[in-house]
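Visitor: Coordinates only, no sequence provided:
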């Protein structure tokens with residue numbers, strides 16, 4: 001009879017979110033990945049691979065639906081759902097409502113929708129790396145919710161609600177630790193002068 005630890009079921013899903021490249025030292029791919037990391041301020045190659053994997057899943061779903069007959073209820077229903085999701089995420093425009101456009105998606109299009117990129121493009125941060133730090137340290141909110149994940153994909157309707165969080169010193173909250181210390185030290189010096 002097995003121990004109690006072996007009998008407990010685990011309901012966690014452990015599916016992979018990124019796929020390693022088949023050829024680890026292909027120069028063109030390595031250069032392209034480094035360009036993406038530099039342009040979008042990513043932490044490591046796995047972040048590139050994660051979005052490439054997600055994109056390949058989306059495109060393979062579109063390819064499968066395109067093999068079906070146009071009148072197939074499966075294709076009509078799932079195709080509309082896929083297009084609606086891509087439009088809501090801002091990966092496709094309102095006019096691009098065909099499955100062929102899904103096949104034309106690139107990794108750059110997904111990278112442009114990340115919160116880190118949006119914060120930089122909106123002018124809330126001085127650089128793409130500064131944008132990542134602001135997001136990670138909880139200075140950025142989307143709507144009323146503080147989001148501290150730089151790879152958060154921003155929906156089209158949420159885009160205009162990106163701003164500094166209310167508790168952040170940049171968004172009108174109380175000053176940061178260093179500024180509070182300086183104010184305190186400045187206050188004590190002013191008292192000594194009197």
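Guide: Good, I have the coordinates. Note that the coordinates shown come from a computational prediction; the quantities given were computed from them, not determined experimentally.
Visitor: Tell me which residues are up against the longest helix seen in the chain.
Guide: Longest helix in the chain by number of residues (criterion: DSSP state H): helix 45-67. With contact meaning Cβ atoms under 8 Å, 6 or more residues apart in numbering, helix 45-67 is reached by 16-21, 33, 36-37, 42, 74-75, 78-79, 82, 86, 99-100, 102-103, 105-107, 110-111, 151. Every C-beta, even on glycine, is put in place using the N, C-alpha and C of the backbone.
Visitor: starting at the chain centroid, how far to whichever helix or strand comes after it?
Guide: Scanning forward in sequence from helix 45-67 by DSSP states H and E, the next helix or strand is helix 73-88. Computed by Cα atoms, centre = their mean, to the nearest Å, the chain-centroid distance of helix 73-88 equals 22 Å.
Visitor: cool, and stretch 15-30?
Guide: Stretch 15-30 sits 20 Å away from the centroid of its parent chain (Cα atoms, centre = their mean).
Visitor: circling back to that earlier point, name only those of the contacts of helix 45-67 that count as buried.
Guide: By neighbour count, with 16 or more other Cβ atoms under 10 Å, those hold 33, 36, 42, 75, 78-79, 82, 86, 99, 102, 105, 107, 110-111, 151 as buried.
Visitor: Please flag which of the contacts of helix 45-67 sit within helices.
Guide: Using DSSP H, the contacts of helix 45-67 in helices are 33, 36-37, 74-75, 78-79, 82, 86, 99-100, 102-103, 107, 110-111.
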